[in-house]
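Participant: Here is a sequence together with a model predicted from it:
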Amino acid sequence: ILNVEQSPQSLHVQEGDSTNFTCSFPSSNFYALHWYRWETAKSPEALFVMTLNGDEKKKGRISATLNTKEGYSYLYIKGSQPEDSATYLCAFHQGAQKLVFGQGTRLTINP
Amino acid sequence: NAGVMQNPRHLVRRRGQEARLRCSPMKGHSHVYWYRQLPEEGLKFMVYLQKENIIDESGMPKERFSAEFPKEGPSILRIQQVVRGDSAAYFCASSGPGRENTEAFFGQGTRLTVV
């Protein structure tokens, strides 16, 4: 069984604050790690695809890091805004096979 | 370049009927994934297909469910003799080949309701 764990399950953050959450995945046979943003009533949209240990990627106020040896990735959001409210999913791609998603972190930004 | 197209968006079936869900991947994409989202749950992997091949179907129930991705035409997820527990949103995603092209593009989903 391939387990992808995300924590926390939900998070409430004050507007303007920064936040981060975690994705842990098996450290064997790593191929790629993805982060997606999923807004209610829409489809998940990719934020990052990370393939190398030590990768750091950034898109605006959102960034992500990757540690394949210990099997974790962090997603950071700087200066949270109400439009950042969404569910953030990570997905683990093992050995060019299936893409397995975590349960997601549901982020709510309080104005 | 049209995105991933799923149809129908909403499907109502009576218990015992068959449900056929279609997914047309993005142009140039040869990899298709199907996921099921149950209420209050995340995306559960069902099956991963490439053109004319099922690569991994470890998430598919052993009975009543099947999937195909023919050489021509959309990928089809077929559920025979539907039961109430099959009610869920079914999402399809497609991606290209190669490690740096594995970003999955999702369709809008098909919401299946079994009555």
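Facilitator: Everything's here; your move. Numbers count the residues shown, from 1 in each chain, chains lettered A, B, ... in the order given.

Participant: now stretch A:101-111: mean pLDDT?
Facilitator: For stretch A:101-111, mean pLDDT is 94.

Participant: Can I get the helix or strand encompassing A:Phe48 in CSV, CA atoms only?
Facilitator: Assigned by DSSP states H and E, A:Phe48 belongs to strand A:45-50. Extracted C-alpha coordinates of strand A:45-50, given in CSV (Å, rounded to 0.1, in the frame of the first residue of the first chain):
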residue,chain,number,x,y,z
GLU,A,45,-4.6,22.6,-10.7
ALA,A,46,-0.9,21.8,-10.5
LEU,A,47,1.3,24.2,-8.6
PHE,A,48,4.6,22.3,-8.8
VAL,A,49,6.2,19.1,-10.1
MET,A,50,9.4,18.3,-8.3
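
Participant: what's around the closest residue to chain B within chain A, how many residues?
Facilitator: Of all residues in chain A, A:Ser43 sits closest to chain B, at 3.9 Å by C-beta to the nearest C-beta. All C-beta spots, glycine's among them, are computed from the backbone N, C-alpha and C. Using other C-beta atoms under 10 Å in any protein chain shown, A:Ser43 has 18 neighbouring residues.

Participant: so is it in a helix, a strand, or just coil?
Facilitator: coil (DSSP: H, G, I helix; E, B strand; the rest coil).

Participant: distance of the nearest residue to it once chain neighbours are set aside from B:Val47?
Facilitator: Closest residue to A:Ser43 apart from its sequence neighbours, by C-beta to C-beta, 6 or more residues apart in numbering or on different chains: B:Phe106 at 3.9 Å. B:Phe106 is 15 Å from B:Val47, where distance means C-beta to C-beta, to the nearest Å.

Participant: Check A:Tyr88 too.
Facilitator: Going from A:Tyr88 to B:Val47 by C-beta to C-beta gives 25 Å.

Participant: Over to A:Ala46?
Facilitator: With C-beta to C-beta as the criterion, A:Ala46 and B:Val47 are 20 Å apart.

Participant: Between those two, which is the more surrounded one?
Facilitator: Counted by other C-beta under 10 Å, A:Ala46 and B:Val47 do not tie: B:Val47 has more neighbours, with 24 against 18.

Participant: name the element the more buried one belongs to?
Facilitator: strand B:43-50.

Participant: could you check the distance from the most far-flung residue of chain A relative to its centre over to A:Ser18?
Facilitator: Ranking residues of chain A by C-alpha distance from their mean position (C-alpha atoms, centre = their mean) puts A:Pro111 at the top, at 22.6 Å. For A:Pro111, the distance to A:Ser18 (C-beta to C-beta) stands at 16 Å.

Participant: what do you get for A:Ala91?
Facilitator: Distance from A:Ala91 to A:Ser18, by C-beta to C-beta: 24 Å.

Participant: More neighbours: which of those two?
Facilitator: Neighbours per residue (other C-beta under 10 Å) separate A:Ala91 from A:Ser18, with A:Ala91 holding more: 28 against 11.

Participant: in the sheet, who's paired with the more buried one?
Facilitator: According to DSSP bridges, A:His34, A:Phe101 are recorded as the beta-bridge partners of A:Ala91.

Participant: In contact with it, which residues?
Facilitator: With contact set as C-beta atoms under 8 Å, 6 or more residues apart in numbering or on different chains, A:Ala91 has these partners: A:4, A:33-36, A:99-102, B:104.
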